[in-house]
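Colleague: Mind folding the following:
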Amino acid sequence: MKPRITFLISIALIVFAACQKMVDWKIDPVTKEVLGDTTLNHTEPSGVLTRMVAITGSENITTIFTYDSLKHLVGERRSGTVNGTWTEVKKIYTRDTLNRIVKVTTIKNIVGAIDTLISNVYYDENNPNFIYSACSRKEQGQVMRDSSIYVYDGNGHVGMIKTFQKPLYSYNDPVLKTRSEFAYANNNLVSSKNYRDSSGTMVLAESTQFSYDNRVSPLKLYNEAFLTGRPEAASVNNLTKFEFIDAVSAINNTSVSTSFFYGGSGKPLSGTATAANGAVSQVTYFYQ
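Modeller: Residues are numbered from 1 along each chain as shown. This next block holds a predicted model:
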């Protein structure tokens, strides 16, 4: 899968490589709500999401979330096997005295090869909205500096992200490489369009449509979702379907639908994610 659509893997719970036996879901004849197997009702969710386990066939991914004393997200660790390869990704969110994320540290460990990326986040005085972020990374042996500028819509949501790039030790002006545009409805992210540079012109590369239930999301990060790499977590409800369209190559088009089993508080206890290619993943949520 192309790097520019990697974020979709997190939306689909990073488990679409293989298939497993379909769970025997039950449907309420009146509400049409997915009820599922009651043996999965392990803990009635009342607190924050602490762990998420996704199983696809013989492969599994476990994500552990950590919080500070005020229940602000300060870290997550995702580990398990993907396509037969063991991987581990840690993210550390450093916050200032105003509880704003000012640094994101990403540590990737894939079969012993460790890579660390640090992104610094900047604000305008005491404003809670971040205005840009910057990080340095290697690309084809050259150190590049990426800078992202965040533009907000009239309702305070992140409506656009512009990412510029330049060699770290170059005096040339940064070049606009990508532009992402986001639309919302009922405080949920409902669509995104991603453009990339093509010989100095921004052209549409891909678009995504998102659908939701009317229940409580276990991980509501609002605008901070864009700093964590989980844009769908900017929404207040649970993502039930996304449809991805590659404007360049239709072979990459895909969709994923998710059905949830909810607890009494409205948060999901478990669910299944079914990809367009038939891959099915069982997901279980654990709360504090």
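
Colleague: Surely Y222 touches R230?
Modeller: No: the criterion here is CB atoms under 8 Å, and Y222 misses it with R230 at 11.2 Å. For every residue, glycine as well, the C-beta is placed using N, CA and C.

Colleague: These two - which one has more neighbours?
Modeller: Comparing Y222 with R230 by other CB atoms under 10 Å, the one with more neighbours is R230, at 18 against 15.

Colleague: what does the model give the more buried one for pLDDT?
Modeller: On pLDDT, R230 comes in at 91.

Colleague: That one is in contact with K220, isn't it?
Modeller: No: if you go by CB under 8 Å, R230 and K220 don't touch, sitting 10.7 Å apart.

Colleague: Rounded mean pLDDT for stretch 153-172, please.
Modeller: Across stretch 153-172, pLDDT averages out at 89.

Colleague: so how far does that stretch reach from one end to the other?
Modeller: Taking CA to CA, to the nearest Å, stretch 153-172 runs 31 Å from one end to the other.

Colleague: now do stretch 65-80
Modeller: 15 Å.

Colleague: again, but for stretch 211-221
Modeller: Using CA to CA, the end-to-end distance of stretch 211-221 comes out at 17 Å.

Colleague: Can you give the distance of that stretch from its chain's centre?
Modeller: 13 Å (CA atoms, centre = their mean, to the nearest Å).

Colleague: What lies in contact with it?
Modeller: Stretch 211-221 has contacts (CB atoms under 8 Å, 6 or more residues apart in numbering) with 45, 48-49, 65, 73, 188, 190, 228, 230, 233-242, 260, 262, 265-268, 285, 287.

Colleague: Repeat that for stretch 186-199.
Modeller: Looking at what lies outside stretch 186-199 - CB under 8 Å, 6+ apart - the contacts are 4, 157, 175-184, 202-212, 231-232, 234-237.

Colleague: now swap in stretch 75-89 and tell me
Modeller: For stretch 75-89, contacts defined as CB under 8 Å, 6+ apart pick out 14-15, 17, 58-66, 90-93, 106-111, 228.

Colleague: Filter those down to the ones in strands?
Modeller: 59-66, 90-93, 106-110 (DSSP state E).

Colleague: Is there a quick ChimeraX command that grabs whichever of those residues are buried?
Modeller: Buried subset of these, written as a ChimeraX selection, criterion 16 or more other CB atoms under 10 Å:
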select :59,60,61,63,64,65,90,91,93,106
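
Colleague: quick one on the thing from earlier: of the contacts of stretch 211-221, keep whichever come out buried.
Modeller: Buried members of those, scored by 16+ other CB under 10 Å, are 45, 49, 65, 73, 188, 228, 230, 233-242, 260, 262, 267-268, 285, 287.

Colleague: Mark which of these are part of strands, please.
Modeller: Among the buried ones among the contacts of stretch 211-221, the ones falling in strands (DSSP E) are 49, 65, 73, 188, 239-242, 260, 262, 268, 285, 287.

Colleague: Tabulate these (CSV), appending distance to E125.
Modeller: Listed next are those as CSV, based on distance: CB to CB, whole Å:
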residue, distance to E125
L49, 32
F65, 30
L73, 23
N188, 30
L239, 34
T240, 39
K241, 40
F242, 36
F260, 41
Y262, 41
P268, 38
Y285, 37
Y287, 36
